[in-house]
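Colleague: give me the fold of what follows.
(chains A and B)
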Number of protein chains: 2
Amino acid sequence: MSSTRDIDNLIELMAKLPGLGPRSARRAVLHLIRKRALLLTPLADQISVVAETARECLNCGNVGTADICDICESEKRATGELCVVEDVADLWAMERAGVFKGRYHVLGGTLSALDGVGPDDLRIPRLRDRVASEGITEVILALNATVDGQTTAHYIAEQLDGQVRLTSLAQGVPIGGELDYLDDGTITAALRARKEL
Amino acid sequence: MSSTRDIDNLIELMAKLPGLGPRSARRAVLHLIRKRALLLTPLADQISVVAETARECLNCGNVGTADICDICESEKRATGELCVVEDVADLWAMERAGVFKGRYHVLGGTLSALDGVGPDDLRIPRLRDRVASEGITEVILALNATVDGQTTAHYIAEQLDGQVRLTSLAQGVPIGGELDYLDDGTITAALRARKEL
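Modeller: Numbering: from 1, shown residues only, chains lettered A, B, ... in the order given. Here you go, the predicted model:
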């Protein structure tokens, strides 16, 4: 089917997105073609715009459309607190919660001996620079509660020890969580960190 | 976050694809931005190409990049057999099986009194024209084994009765299927259509 090669190529590309396989990519492409005016043309335009403009913030690693992202640029953000996250998706999750008013630092992954990821492959040197130069008083380690995330948190804590106040997100029962459905590790953590009423 | 509006817009558009929600659209867009050279730029180009070139075949309703699709154009396809399917995705599934050598007719949906879909909203008038003019000897109704699909098959069978040989896909135990996991309807159909060994 030579003249449908364009469509096949698009399906192949779409199938490389996380969460889509060959089957769902086919469905998505057919849906796009059916909704040409509503979806296909706007998506074509928008994806070209993003392909041209999207870049990583030189300061914190967030994704935006300028060399320095909105959060780093904003004068409304508190300057003393720096929240360290693994990934831009984690930064977006924190922003959706809307509770943190400081700035971020995106590591771009976690230390991993198995995958050969060392401190220089992440934005850890840049983190040390920022702590030294930006008047940071508190570094909040908001890394995922996984083995790699916690290893990375320990490494960063060692590096910054004594220079700044170090904190991490509390671990415990999630809001709306039922004990019966929680894993043992979470219950253990929640019990150890129990609070006076 | 004004300067990230482009990225937010892209996420919103991606979230409208079947199989993607807001969360997976965010993941997909971040993945795209990270793999700019490998994925984002090629996808931007390819989706623009498809937005410009994709169209429905005027003859059968298949999706392609020309007014008449490859299958209708091909001289290698048998001219006497016409396979009627609901949807382009069904046509593609038949083509993947690679067993049918005739041409197709895509209805573009099924009759549905509830949704107000009548024969003129589907490609049923065009099907009658084709049967009359293309020297069709057999119409294979390859509609889904759903209530709407079977209602549509009955309606088409009535319309074409006496003009052409009418067949439908066999119903029974799928290859690799285990009786214990099959629904009652399938087992009933398979028993009724049992064959001599």
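
Colleague: and for the worst-scoring helix or strand of chain A on mean pLDDT, what's in contact with it?
Modeller: Every helix and strand of chain A was ranked by mean pLDDT, DSSP states H and E. The lowest is helix A:184-192, at a mean of 85. Contacts to helix A:184-192, defined as Cβ atoms under 8 Å, 6 or more residues apart in numbering or on different chains, come from residues A:171-173, A:179, A:182. C-betas here are computed from N, CA, C, even on glycine.

Colleague: just the buried ones among the residues you listed, please.
Modeller: Buried members of those, scored by 16 or more other Cβ atoms under 10 Å in any protein chain shown, are A:172, A:182.

Colleague: kindly reformat the contacts of helix A:184-192 as a markdown table and extend each row with pLDDT and secondary structure.
Modeller: Below are the contacts of helix A:184-192 laid out as a markdown table (pLDDT from 0 to 100; DSSP: H, G, I helix; E, B strand; the rest coil):
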| residue | pLDDT | secondary structure |
| --- | --- | --- |
| A:Gln171 | 86 | coil |
| A:Gly172 | 87 | coil |
| A:Val173 | 86 | coil |
| A:Leu179 | 83 | helix |
| A:Leu182 | 85 | coil |
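
Colleague: now, the most widely separated pair of the contacts of helix A:184-192?
Modeller: A:Gln171 and A:Leu179 (14.8 Å; Cβ to Cβ).

Colleague: in chain A, which spans are helices?
Modeller: All helices of chain A, identified by DSSP state H, fall at A:5-14, A:22-34, A:41-53, A:70-73, A:88-97, A:124-133, A:147-160, A:184-192.

Colleague: in a markdown table: those, plus mean neighbour count.
Modeller: A markdown table is the format used below for those (neighbours: other Cβ atoms under 10 Å in any protein chain shown):
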| stretch | mean neighbour count |
| --- | --- |
| helix A:5-14 | 19 |
| helix A:22-34 | 19 |
| helix A:41-53 | 19 |
| helix A:70-73 | 18 |
| helix A:88-97 | 16 |
| helix A:124-133 | 16 |
| helix A:147-160 | 17 |
| helix A:184-192 | 12 |
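
Colleague: these: which one's closest to B:Val88?
Modeller: helix A:22-34 (5.7 Å).

Colleague: need the per-residue pLDDT for A:Glu52.
Modeller: On pLDDT, A:Glu52 comes in at 89.

Colleague: one more: A:Ser2?
Modeller: 42.

Colleague: poorly predicted segments of chain A, please.
Modeller: The model of chain A has pLDDT under 70 over residues A:1-3.

Colleague: care to break it down by domain?
Modeller: Annotated domains of chain A cover A:2-53, A:76-168 [automatic domain parsing].

Colleague: tell me the spacing between the residue lying closest to A:Asp6 once chain neighbours are set aside and B:Ile33.
Modeller: In space, and not counting its chain neighbours, A:Asp6 is closest to B:Val49: 5.1 Å by Cβ to Cβ, 6 or more residues apart in numbering or on different chains. According to Cβ to Cβ, to the nearest Å, B:Val49 and B:Ile33 sit 21 Å apart.
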